[in-house]
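Chemist: Output the structure for:
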Amino acid sequence: MAQPGLVRTIAPPVALVGLLVGLMLMLAGAFRSKVAAGPPGADPAPVVTRTASVERVEVVDTVEQTGTVRARVEALVASKLLAQVASVEVEPGARVRGPGEATPGATVVATLDARDLRAALARAEAQARA
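Modeler: Okay, here's the model as predicted:
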């Protein structure tokens, strides 16, 4: 007669081994139906295919995004004189030349209103004559 304590200690490992063996047999395909042995069956229907010649084409790819555009280089543009801007001579994004570049002549970016300066010059000339 078996001892009750011995059955309780052996039963769980034996059940686990049995479960693992069953799982391995299932994964190995032991419980699936197999192809019957014998001569091969009828030929399968032919597969319809379509061929095309290779050619080079240009593909235009457009991507629309929302965001902020920032310049790689920023420059502070300021006047040494206090005057209103009469006209702006360049468009945003245009290339301009500075006085220190290899090409002669700097690009005029804006023209200032000179009426106040002409009036101050006239006053100074009048004071100098008096």
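Chemist: any idea how far T9 is from F31?
Modeler: Distance of F31 to T9, given as C-beta to C-beta, to the nearest Å: 31 Å. For glycine as for every other residue, the C-beta is placed from the backbone atoms N, C-alpha and C.
Chemist: mind listing what's buried in the one helix or strand E125 maps to?
Modeler: Element membership for E125 (DSSP states H and E) is helix 115-129. Neighbour counts over helix 115-129 (16 or more other C-beta atoms under 10 Å) mark no residue as buried.
Chemist: Looking at that helix now, give me its mean pLDDT.
Modeler: The predicted model gives helix 115-129 an average pLDDT of 91.
Chemist: CA atoms only: put that helix into CSV for me.
Modeler: Output in CSV follows, covering the C-alpha atoms of helix 115-129 (Å, rounded to 0.1, in the frame of the first residue of the first chain):
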residue,chain,number,x,y,z
ARG,A,115,14.4,115.7,-44.5
ASP,A,116,15.3,116.1,-40.7
LEU,A,117,19.0,115.8,-41.5
ARG,A,118,18.8,118.5,-44.3
ALA,A,119,16.9,120.8,-41.9
ALA,A,120,19.5,120.3,-39.1
LEU,A,121,22.3,121.0,-41.7
ALA,A,122,20.5,124.2,-42.8
ARG,A,123,20.2,125.4,-39.2
ALA,A,124,23.9,124.7,-38.6
GLU,A,125,25.0,126.5,-41.7
ALA,A,126,22.8,129.5,-40.7
GLN,A,127,24.3,129.6,-37.3
ALA,A,128,27.8,129.4,-38.8
ARG,A,129,27.1,132.4,-41.0
